[in-house]
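J.: Sharing a model that was predicted from the sequence below.
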Amino acid sequence: MRDNKYTSHESFEHDSIDSLGYDWERIADPNIKSKLPFKIYLPRTTDHVVNAIKETSKLDQELRVRSKGHSSNDLVLNEDGAILCTEKLNQIINLDLEKMYIRVQSGIILADIDEYLAEYEVGLPIIGDHNHITAGGFASVGGISPASHRFGLFIDNVLAVEYVNWNGDIRCCDRIKNIEEFNRVLTGTGRHGVITELTCRIERGNKFQTVLYNDRKLFFKSEAFILDSQKLISNPGDCLFERGVWIDYPFGKTKIQIGQFSNYYKTAQNKYTRFRKTIAYGYLHMLGRWAGRLPKVIDILVKYLGILGIIISPRYGSVKDIESFTDKVLDSTVGDPTRMLIVLAPVESYAELFRSLYEICLDARKNHGAISFISFYVKAIKSDYLRIRNDSGKFAELMLYLGVRPEQMTNEILNEMVSSIDALCIKHEALRYMHTKTSKDRDILQKIDPNYLYKQN
């Protein structure tokens, strides 16, 4: 068994009873009040899901679906209500190496699928960046990776879905049969029912052994990073993976501003490249293993070393190192609480959206003291699913990863930031990644939620 049991949130448990009262909002506000459910369903089969839905329907109870609780958008909590956890829907049903697909239950962890597939020298084209992301959870929001400029979103690689709708009916759909229903269930964040099984495309290759070369560029001015990263996102060339990060970190009366963009290419598979990869990632993963387990002052120092390692990222790494890069190095629960807000930007609007989002964050820091550090994580996307919004299907993930000061980050300030971000998205025909905080206004959601690109029930 490989050591892929890594986490970016050492002190945040997913698998305890108490954890069922929290979602990812807890990372941004460690003192947030628990919202424990009254009733928990742990189905192991599709029939169990049917029974749970019919039982709660008879009792006139709302049933919420939960995998690992990564949402911070009020999707998986149901205080004093009923929760269906997909934790035990975790079986591999079938692997077909001739037709190159794998069929799984929705609660299985993607990292576990990849570990299983590695024995056959195949893997998932798109995978989440740590081992608490499940197949159903990823499909319910879209799913992005550093290979999304080649393979699209995770949902672009889903071939078929079985789900139970809220009437308790078992439904099966795929890219040929019931295509409208298929597209509607994907990115549906549970609103159309409970995904129980997925059939996913697989690719040949040994992710754990194949080493790639990192063509890394450093930036010390935000405008240079914005302009160069737009070029790299618009034209990735023949790189296999790509990602960028910009960091604005207050330091006394000044601030540190630095960025980097990495394009990963094929390279020689020899003792030298493997040695460079082993030394560099061995050091970074050591920081990740200790993160969250040390005295506070030392923990923060380790986090700074991890951030430095991300900026000056190793020249050589395995595919698996690259896919899970930041989450095996940093711990979100160390130092300032953090919040993610994610925009899917059309490539042609990327630069203007980046600048405007940056201004929103700088304003919250300057005028309210609500934000400490500001960072942008950037990935390119070319998605067939999103072509309905943009003929090219070319987007960029703009992930705001913000240090917050919970006392200053009031609900009023947060809602103002979110409203401003949503308004920008509407202006530029961008979309939101719906597991991060968005408006609840239906008229706004219809313009920013990828699921509304497709006909609703």
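T.: Arrived safely.
J.: contacts, neighbours, all on C-alpha from now
T.: OK.
J.: how many neighbours does residue 297 have?
T.: 10 (other C-alpha atoms under 10 Å).
J.: wait, what's in contact with it?
T.: By C-alpha atoms under 8 Å, 6 or more residues apart in numbering, the contact set of residue 297 is empty.
J.: try residue 111
T.: 4, 127, 128, 130, 131, 132, 133 are the contacts of residue 111 under C-alpha under 8 Å, 6+ apart.
J.: with those residues in mind, which one is nearest to residue 148?
T.: Closest to residue 148 out of the contacts of residue 111 is residue 127 (9.7 Å), distances taken as C-alpha to C-alpha.
J.: hang on, the closest one in a helix?
T.: No - applying DSSP: H, G, I helix; E, B strand; the rest coil, one finds residue 127 to be coil, outside a helix.
J.: And it, what's its pLDDT?
T.: Note for residue 127: predicted pLDDT of 95.
J.: and if you look at residue 15?
T.: Value listed for residue 15 in the pLDDT field: 68.
J.: just residue 12 next, same as before
T.: 58.
J.: What of the one 10 residues further on?
T.: The predicted structure scores residue 22 at 91 on the pLDDT scale.
J.: just residue 292 next, same as before
T.: Confidence score, pLDDT, at residue 292: 69.
J.: ok, now the one 5 residues further on?
T.: Each residue has a pLDDT score; the one for residue 297 is 71.
J.: which SSE is it in?
T.: helix 296-311 (DSSP states H and E).
J.: Give the buried residues for that helix.
T.: 299, 300, 302, 303, 305, 306, 307, 309, 310, 311 (16 or more other C-alpha atoms under 10 Å).
J.: hang on, the last one packs against residue 260?
T.: Yes - between residue 311 and residue 260 there is a contact at 5.8 Å, judged by C-alpha atoms under 8 Å.
J.: and for those two, which residues touch both?
T.: In contact with both residue 311 and residue 260: 218, 245, using C-alpha under 8 Å, 6+ apart.
J.: end to end, how far does stretch 117-133 reach?
T.: 17 Å (C-alpha to C-alpha, to the nearest Å).
J.: So which of the contacts of residue 111 are in strands?
T.: Judged by DSSP state E, those include no members of strands.
J.: now these: which count as buried?
T.: Using 16+ other C-alpha under 10 Å, the buried members of the contacts of residue 111 are 127, 128, 130, 131, 132, 133.
J.: can you name the two of the residues you listed that are farthest apart?
T.: 127 and 132 (11.1 Å).
J.: Mutual contacts of those two, please.
T.: 110, 111.
J.: Give me the pLDDT for residue 282.
T.: Taking residue 282 on its own, its pLDDT is 86.
J.: what's the angle from the strand or helix carrying it to helix 296-311?
T.: According to DSSP H and E, residue 282 maps onto helix 271-290. Helix 271-290 and helix 296-311 meet at an angle of 150 degrees, taking axes from the mean of the first three to the mean of the last three C-alpha atoms, to 10 degrees as the criterion.
J.: List the buried residues for helix 271-290?
T.: 273, 274, 276, 277, 280, 281, 284, 285, 287, 288, 289, 290.
J.: what helices or strands is it leaning on?
T.: Here helix 271-290 touches strand 211-219, helix 296-311, strand 316-318, going by 3 or more C-alpha pairs under 8 Å, 6 or more residues apart in numbering; DSSP states H and E.
J.: Same list, the ones you listed, but as JSON lines with distance to residue 142 please.
T.: Putting these into JSON lines (distance: least, C-alpha to C-alpha, whole Å) gives the following:
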{"stretch": "strand 211-219", "distance to residue 142": "26"}
{"stretch": "helix 296-311", "distance to residue 142": "25"}
{"stretch": "strand 316-318", "distance to residue 142": "24"}
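J.: Lowest average pLDDT across the ones you listed?
T.: Going by mean pLDDT, the lowest-scoring of the helices and strands packed on helix 271-290 is helix 296-311, which has a mean of 75.
J.: Can you show me the helices along the stretch 351-457 of the chain?
T.: Under the criterion DSSP state H, counting those that start in this stretch, the stretch 351-457 of the chain contains helices at 411-428, 442-448.
J.: any chance of those helices in TSV, with distance to residue 141, mean neighbour count and mean pLDDT too?
T.: What follows is the helices of the stretch 351-457 of the chain, written out as TSV (distance: least, C-alpha to C-alpha, whole Å; neighbours: other C-alpha atoms under 10 Å; pLDDT from 0 to 100):
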stretch	distance to residue 141	mean neighbour count	mean pLDDT
helix 411-428	17	16	97
helix 442-448	13	16	97
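J.: and of the ones you listed, who's closest to residue 198?
T.: Per C-alpha to C-alpha, nearest to residue 198 of those: helix 442-448, 25.6 Å.
J.: neighbouring contacts of that closest one?
T.: 422, 425, 426, 429, 430, 431, 432, 439, 452, 453.
J.: And for stretch 32-47?
T.: 18, 20-22, 25-26, 49, 52, 77-90, 164, 170, 196.
J.: Ends of it, what's the gap?
T.: 36 Å.
J.: Can you report the mean pLDDT over the residues of that stretch?
T.: In the prediction, stretch 32-47 has an average pLDDT of 96.
J.: returning to that earlier point: out of the contacts of stretch 32-47, which are buried?
T.: By 16+ other C-alpha under 10 Å, those give 20-22, 25-26, 49, 52, 77-79, 81-87, 89-90, 164, 170, 196 as buried.
J.: Could you pull up the residues touching residue 405?
T.: 336, 337, 369, 370, 371, 372.
J.: Now do the buried residues in stretch 332-351.
T.: 332-347, 349-351.
J.: just to revisit the earlier point, ok and the helix holding residue 282 relative to strand 211-219, angle-wise?
T.: Using the same axes, to 10 degrees: helix 271-290 against strand 211-219 is 70 degrees.
J.: Convert the C-alpha atoms of helix 271-290 to CSV, please.
T.: Taking C-alpha atoms only, helix 271-290 is exported to CSV below (Å, rounded to 0.1, in the frame of the first residue of the first chain):
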residue,chain,number,x,y,z
LYS,A,271,18.6,7.5,-12.2
TYR,A,272,19.4,11.2,-12.3
THR,A,273,15.9,12.4,-12.8
ARG,A,274,14.5,9.9,-10.2
PHE,A,275,17.2,11.0,-7.7
ARG,A,276,16.3,14.7,-8.1
LYS,A,277,12.6,13.9,-7.7
THR,A,278,13.2,11.8,-4.7
ILE,A,279,15.3,14.3,-2.8
ALA,A,280,13.1,17.4,-3.6
TYR,A,281,9.8,15.8,-2.9
GLY,A,282,11.1,13.8,0.0
TYR,A,283,11.9,17.1,1.7
LEU,A,284,8.6,18.7,0.8
HIS,A,285,6.5,15.7,1.9
MET,A,286,8.5,15.6,5.1
LEU,A,287,7.3,19.2,5.8
GLY,A,288,3.7,18.1,4.9
ARG,A,289,3.9,15.1,7.3
TRP,A,290,5.0,17.3,10.2
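J.: All set now, cheers.
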